[in-house]
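In: Output the structure for:
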Amino acid sequence: MIHISEILSHYGLAERAPVTLIRESGDNVVYSIGNRSKAILRISKHLSPDEIGFENDALIHLERAHVHVPKIIPTIDGQRCVVVDGMPAVLFEFISGRHLTIDKDHHPTQEEAHNAGMELGALAAAGVSFVSDHPRTRSIATELERAMRDRDVFMDTFEGGRRFISEVEEALASFRSYTGPTGLIHNDFRPSNVLFGEQSDVVAILDMDWSCVGPLIKDLALAALEWSCPDRADVPDMSLLHAFVDGYDLRAPHKIEPTGELFTWIRYSALSDSCTYLCDLIGDPVAEKRITRSYMYRKFLYFSKL
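Out: Below you'll find the model as predicted:
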């Protein structure tokens, strides 16, 4: 049981009505706190307080670079988080905005994709100078390495498992030989993690809990894929992919063409997300053990043909 009142007492707040559950995932539980004077409470199931320190450093760095991100609200005694039952809880300022509804039948406009790309480009430009004294256990290889720990399970029990593990090994080798530009990356720049204003302007980048230091091109690759090819879509909308990359190139420190190397990193990103889904599937005793159940793996296969 999560004790909201105990958490809020560290901020000098009584439990304010309404306390509304926004979403719960395998990583976080997120609440809206209050009514007129709102805040967002995120309780992390896996992050350590040190990793919250990394995230806080990232948000401060990006805010100073005029990237649109929310602030972490400190506790009464100046701490960045409260640890309850071993889980760090963080209170964020509330930023008013709208989420896009994006699925196979509802795509962003080219202007929205372009503006989102510009904001990610601004994050990349700021990210090249980012440093933090706090450790971050997550990297862009984390989910691939997770799959490799279960390689025998995949090869023995999943349809397509042997090919999948071979593809994961190849992707990890590619990552380890990478020598291009690196810096702070969001690592989860999906439409659900971006808030827009009344028009098509970006007012906030949310959910930096998967952020890390890594190849800048990986951040662009996952984002361009997610903004152009929602789950259940048969093929990407290449006009949206190009609009996103064009926006990114306006502000990023290095321009990236929507061909060749970018497609390699789109495949990497899709494979990494596939690992997350498929590793979680291992523990489901009734789920069909088939690699192509993953939408992201099917995206990986599509871009493997380009």
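In: can you pull the buried residues of the helix or strand Asp156 falls within?
Out: Using DSSP states H and E, Asp156 maps to helix 151-157. With burial defined by 16 or more other CB atoms under 10 Å, the residues of helix 151-157 counted as buried are Arg151, Val153, Phe154. Backbone N, C-alpha and C define where each C-beta goes, glycine included.
In: what number of residues lie near the closest residue in space to the last one that isn't next to it in sequence?
Out: If I follow you right, that is Phe154. Using CB to CB, 6 or more residues apart in numbering and skipping the chain neighbours, the partner closest in space to Phe154 is Gly161 (3.8 Å). Burial measure for Gly161: 21 neighbouring residues, criterion other CB atoms under 10 Å.
In: Surely Asp273 is in a helix?
Out: Yes. Counting by DSSP: H, G, I helix; E, B strand; the rest coil, Asp273 is found in a helix.
In: how close does it sit to Pro215?
Out: Asp273 sits at a distance of 16 Å from Pro215 (criterion: CB to CB, to the nearest Å).
In: Compare neighbour counts for the two and give me the winner.
Out: Neighbours per residue, other CB under 10 Å: of Asp273 and Pro215, the larger number sits with Asp273, 23 against 19.
In: I'd say that one and Thr142 touch.
Out: No. Judged on CB atoms under 8 Å, Asp273 makes no contact with Thr142 at a distance of 11.6 Å.
In: Tell me which residues are up against stretch 48-63.
Out: 44, 47, 69-72, 80-81, 83, 88, 90, 123, 126-127, 129-130, 132-138, 184, 205, 208-209, 211 (CB atoms under 8 Å, 6 or more residues apart in numbering).
In: typo on my end, stretch 198-205
Out: Taking CB under 8 Å, 6+ apart as the rule, stretch 198-205 contacts 62, 67-70, 95-98, 109, 111-112, 115-116, 118-120, 123, 186, 189, 193-197.
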